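Chemist: model this:
(4 chains)
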Protein chains: 2
Amino acid sequence: MGVSLKDIAKQAGVSLATVSNVVNGYRPVGESTRQRVQRAIDELGYSPNLSARHLRRGRTGLIALAIPELTNPYFAELADVAMREAADLGYTLLMENTAGDRAEELTLLDGAQRHIIDGLILSPVAIGREEVVGRRAQLPLVLIGEGVYDVPYDHIAIDNVAASRTATAHLVGLGRRRIAFVGAPPGDDRQSAHLRIRGYREALAAAGLPFDQRLVAPTEQFGRADGERAMRHLLSLDDPPDAVLGYNDLTAIGALRALTRARVNVPADVVVAGIDDIEEGRFSNPTLTTIAPDKREIGRLAVRRLVARIEGEAGPPTHMQPAFHLVERESTGPAR
Amino acid sequence: MGVSLKDIAKQAGVSLATVSNVVNGYRPVGESTRQRVQRAIDELGYSPNLSARHLRRGRTGLIALAIPELTNPYFAELADVAMREAADLGYTLLMENTAGDRAEELTLLDGAQRHIIDGLILSPVAIGREEVVGRRAQLPLVLIGEGVYDVPYDHIAIDNVAASRTATAHLVGLGRRRIAFVGAPPGDDRQSAHLRIRGYREALAAAGLPFDQRLVAPTEQFGRADGERAMRHLLSLDDPPDAVLGYNDLTAIGALRALTRARVNVPADVVVAGIDDIEEGRFSNPTLTTIAPDKREIGRLAVRRLVARIEGEAGPPTHMQPAFHLVERESTGPAR
DNA sequence: CTGAAAGCGCTAACAT
DNA sequence: ATGTTAGCGCTTTCAG
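Modeler: Numbering: from 1, shown residues only, chains lettered A, B, ... in the order given. As a prediction, the model looks like this:
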């Protein structure tokens, strides 16, 4: 087994409590004592046993970030920020992959089973407002993303309606009239993409453009393959679109691929935009115009807010809206 | 707080040990007793406190996957596989971001994380064979990737020399003669990319092509931006390359971007290939020819091997080489 | 088959 | 400023 507090105490000739206080700093410790203890710690290579600490304190120092897809660069970038922030605050971030699965999300939400984490940051996609509101569990929870809204929990998300409206308005401003939306929820799902589609419709209405349901292409998921498939479908219409807004960058990149493959020129014939500002879009051919949410802020706020809740310092549940801005690139730029 | 074993024991009128045995099944329990206990568990909603269990057992059920970059899709895809495998084996996978930092990798190797994880899967990039061999810590360790080789630990990696040789040979087979390598280690670093450069040189030699040091473009890191920068440099040479092999898909995609931007036609004028087979390369324009390692196998083996070590079932350290294969796509295909 | 009891390593209340 | 000590909830001998 490893080195324990007791070993350090013996080596340094002090009590357990003193070692604990050197490690945790709850109570002041005399300078010379501190040094003696510190030396013993370094020599023997002590590190605290998390399980024992948790058993005693009722906390693990672990928080989970539950996202629908680790391989979606948006979430990877977000996780990256969140991990650093958590580390800064003395917590370890555990990633949890929901795969956008309803049961998985519910389990996490109600997760009394998870005696292992102190709090949860969840990006819901398969569950809705009701499930979240009806939650029983006490585990501190922070929500991110556009999956739910108006819930009695801390919630961090950009103004998705405004983001989508901004992107669509930009396409309108380029003189486009048949603007498609790629990445609508399939069939009965009224939830995901809801806000972004609303922003899209608002921008069309503001420009006096008709809304054409056929230009809203449903997809199963929100990956590259989904975007490509949906775009191929749009290209087969009698009156295909002259602009495309993707639900996110990934679907937009899929659309880009379908267009290139069909020898449709982007941006001359069709312009394309996405939402997320993943690095991939800065290197795609053509590069992708997008809405850039402040990912750094989203990740930081989520972690800080959660830690505040865990440590009992939080006020009433708050809905926070980090900034976003339009980034114009080649996919909506002048023809190359 | 929560319901404990004791509560169940009292409710069911049995001892702690019996409840524990109903939960864990280490010892047989009488049928009627079992039912009484089970009913109490269901009624009170008991779930075991993992920290207590771990404190007692000396294990946490947590294993770490330490990778240089979470935002590199290759690692995200690998992590995805590893997380599922770990869950299947009853473990939770913790991601650790080394950022390719030497100190960070050494800290992990020497097990400052002791007590919080039961074992470590490490993809080293900044440390070398010596550091790994000279390791003191006892924490079970499995290495992945091409960062080190010939070490007394389980090590899982494709045959990187062969992979690179295969890719280069493919470019040679297309009739190319000035083949560049994008993503060499900068300056004094003799380690990273070592094997892939060796494979590249071997393939050139086998084809009777001269090795030209100017065609090996050094980069700081192995991201898209690095590839783009290196490619711009190569294009400025008096006698620029007619083919490019990227250290990985990301650098290759950066190269693709630089070429497109410079209006060099891929594949007509320059062909490009990478290594990793990330999804991004299946949707880039043009799509990217690459070497596809068996990521599923790598992730699974790494986790299984580590768990075997943790549970004391492992034999001698083994070096395992999952398969890889060449995937031909547009970037080396017939002109579009 | 079941029970009693000894800790795993740590923190925090209580002493000194 | 430092020491003593009682558990946190669980698994696992050792007894019956």
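Chemist: Where does pLDDT dip in chain A?
Modeler: Residues of chain A meeting the criterion pLDDT under 70: A:1, A:112-114, A:187-192, A:335-336.
Chemist: show me where chain A has strands.
Modeler: A:62-67, A:92-97, A:119-122, A:141-144, A:154-156, A:179-184, A:216-218, A:243-246, A:271-275, A:289-293, A:319-320, A:324-327 (DSSP state E).
Chemist: and stretch A:312-330, which residues are buried?
Modeler: Under the neighbour-count criterion of 16 or more other C-beta atoms under 10 Å in any protein chain shown, stretch A:312-330 has A:Ala314, A:Met320, A:Gln321, A:Pro322, A:Phe324, A:Leu326, A:Val327, A:Arg329, A:Glu330 buried. The way it works is simple: take the backbone N, C-alpha and C, and place the C-beta from them, glycine included.
Chemist: Need those residues in a markdown table (columns: distance to B:Asn72).
Modeler: A markdown table is the format used below for those (distance: C-beta to C-beta, whole Å):
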| residue | distance to B:Asn72 |
| --- | --- |
| A:Ala314 | 35 |
| A:Met320 | 29 |
| A:Gln321 | 30 |
| A:Pro322 | 25 |
| A:Phe324 | 25 |
| A:Leu326 | 27 |
| A:Val327 | 22 |
| A:Arg329 | 22 |
| A:Glu330 | 24 |
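Chemist: Roughly how far does whatever residue of the stretch 101-250 of chain A ends up closest to DNA strand C sit from chain B?
Modeler: Nearest residue of the stretch 101-250 of chain A to DNA strand C, counting by C-beta to the nearest atom of the strand: A:Asp118, 13.6 Å away. Distance, A:Asp118 to chain B, using C-beta to the nearest C-beta, to the nearest Å: 11 Å.
Chemist: Does that residue touch A:Arg57 like I think?
Modeler: No - contact criterion C-beta atoms under 8 Å: A:Asp118 and A:Arg57 do not qualify, at 9.8 Å.
Chemist: neighbour-wise, which of these two wins?
Modeler: A:Asp118 (23 against 12; other C-beta atoms under 10 Å in any protein chain shown).
Chemist: Pull up the residues of the stretch 51-200 of chain A that are close to DNA strand C.
Modeler: Residues of the stretch 51-200 of chain A found near DNA strand C (C-beta under 7 Å from any atom of the strand) are A:Ala52, A:Arg53, A:Leu55, A:Arg56, A:Arg57.
Chemist: Take those and keep only those in helices.
Modeler: A:Ala52, A:Arg53, A:Leu55, A:Arg56, A:Arg57 (DSSP state H).
Chemist: Quick check: chain neighbours aside, which residue is closest to the first one?
Modeler: Leaving aside its chain neighbours, A:Ala52 sits nearest to B:Leu55 (5.0 Å; criterion: C-beta to C-beta, 6 or more residues apart in numbering or on different chains).
Chemist: Count the residues that sit near the one you found.
Modeler: 19.
Chemist: and it, how far is that from B:Phe75?
Modeler: Distance, B:Leu55 to B:Phe75, by C-beta to C-beta, to the nearest Å: 32 Å.
Chemist: just A:Leu89 next, same as before
Modeler: Using C-beta to C-beta, A:Leu89 is found at 24 Å from B:Phe75.
Chemist: out of these two, which sits in the busier spot?
Modeler: B:Phe75 (26 against 18).
Chemist: what about the closest residue to the more buried one other than its chain neighbours, neighbour count?
Modeler: Sequence neighbours aside, B:Ile67 is the residue nearest to B:Phe75 in space, at 4.3 Å (criterion: C-beta to C-beta, 6+ apart). Neighbour count of B:Ile67, defined by other C-beta under 10 Å: 25.
Chemist: right, and B:Ile67 touches B:Thr98 too?
Modeler: Yes - using C-beta under 8 Å, B:Ile67 is in contact with B:Thr98, at 6.8 Å.
Chemist: Give me the common contacts of those two.
Modeler: B:Ser123 (C-beta atoms under 8 Å, 6 or more residues apart in numbering or on different chains).
Chemist: near DNA strand D, which residues of chain A?
Modeler: Residues of chain A lying near DNA strand D (C-beta under 7 Å from any atom of the strand): A:13-18, A:21, A:27-30, A:32-34, A:52, A:55-56.
Chemist: can you do 6 Å?
Modeler: Proximity of chain A to DNA strand D (C-beta under 6 Å from any atom of the strand) is limited to residues A:Val14, A:Ser15, A:Leu16, A:Ala17, A:Thr18, A:Arg27, A:Pro28, A:Val29, A:Gly30, A:Thr33, A:Leu55, A:Arg56.
Chemist: Reformat the residues you listed as TSV; add distance to A:Leu94.
Modeler: Below are those laid out as TSV (distance: C-beta to C-beta, whole Å):
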residue	distance to A:Leu94
A:Val14	34
A:Ser15	34
A:Leu16	29
A:Ala17	31
A:Thr18	32
A:Arg27	30
A:Pro28	33
A:Val29	32
A:Gly30	37
A:Thr33	36
A:Leu55	18
A:Arg56	21
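Chemist: Mind checking which of the residues you listed are buried?
Modeler: Neighbour counting by 16+ other C-beta under 10 Å classes A:Val14, A:Thr18, A:Val29, A:Thr33, A:Leu55 among those as buried.
Chemist: how near is the first one to B:Glu130?
Modeler: I take that to be A:Val14. 38 Å.
Chemist: for the fourth one, same thing?
Modeler: Between A:Thr33 and B:Glu130 the distance, using C-beta to C-beta, works out to 38 Å.
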